[in-house]
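Trainee: structure of the sequence below:
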Amino acid sequence: MTRPAALVTGSAKGAGRAMALALAADGYDVAVHYLTSAAEAESVAAQAAAAGVETVVLRADVRDERQARSLVDDAHAAFGRLDVLINNVGDYHHGPLHELSGDVWRDMIASNLNSTFYTCQQAVALLKRAPGGGRIINIGYAGAEQVRARPGIVAYGIAKTGVILYSKALAKSLAADGITVNVISPGVLENSVSQPVEEIPMGRLGTLDELVGAVRYLLSPEAAYVTGVTVEVAGGWNV
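Mentor: Residues are numbered from 1 along each chain as shown. As a prediction, the model looks like this:
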């Protein structure tokens, strides 16, 4: 019996690395994706392989539709199946709204929203072949479901809200196929660029292990009836 296989985008570092290693520990063959961090991606793949699974390292700029779609196909070809897609790639920007440039705007949309759309659209046909139904997890941002003014991160926030709306639509359209599509929206984690602990009701940073815990739940058999939801791992931030 072959092992299930997963593709985690942006898995050379940070949260993506943590998710990829957790999946390997849970018995998934893992495609480790990177754009510029080749050495780090190779290191993640080596650590994942130590768990006794197969790994492959794949490079792609998922902001580009052709490369994003090829990435999904290459992951499937490496293992002969695809059961899980986790879209972790997404640049972040914070700054005064009046200084927001068109280049930054386009990159926020391309790296967060467009990349998610491209990989998901390509993966659907492959996930339909997964025994028991495939799983998609897209990474959002705590509070992105709320329509609120956030001038400092407006492009990023709009892109992440788009990810949530797209994920819900995809979840509804794929429910009859047994494929679940959900969003995990982290708040301020231990590796976050900014760490406004004073704004967090729990008064502390979240850990990557806590983020991984949400991933494991959504991939578990117990979550087979959970689709189209956003799970916030944020300690009450932005509630």
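Trainee: can you pull the contacts of residue 88?
Mentor: Contacts were defined as CB atoms under 8 Å, 6 or more residues apart in numbering; by that measure residue 88 touches 8-11, 15-16, 19, 139. C-beta: built from backbone N, CA, C; applies to glycine.
Trainee: how near is it to residue 8?
Mentor: Separation of residue 88 from residue 8 (CB to CB, to the nearest Å): 6 Å.
Trainee: now do the shared contacts for these two.
Mentor: Both residue 88 and residue 8 are in contact with 16, 19, where contact means CB under 8 Å, 6+ apart.
Trainee: just put the contacts of residue 88 in TSV and tack on neighbour count and distance to residue 107.
Mentor: Supplementary listing: the contacts of residue 88 in TSV, determined by neighbours: other CB atoms under 10 Å; distance: CB to CB, whole Å:
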residue	neighbour count	distance to residue 107
8	32	21
9	30	16
10	27	14
11	32	20
15	23	19
16	23	18
19	29	23
139	24	16
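Trainee: from the residues you listed, which land in helices?
Mentor: Restricting the contacts of residue 88 to those inside helices, with DSSP state H as the criterion, leaves 15-16, 19.
Trainee: closest to residue 36 out of those?
Mentor: residue 16 (13.3 Å; CB to CB).
Trainee: which ones are touching the closest one?
Mentor: Contacts for residue 16 were tallied using CB under 8 Å, 6+ apart; they are 8-10, 33, 86, 88-89.
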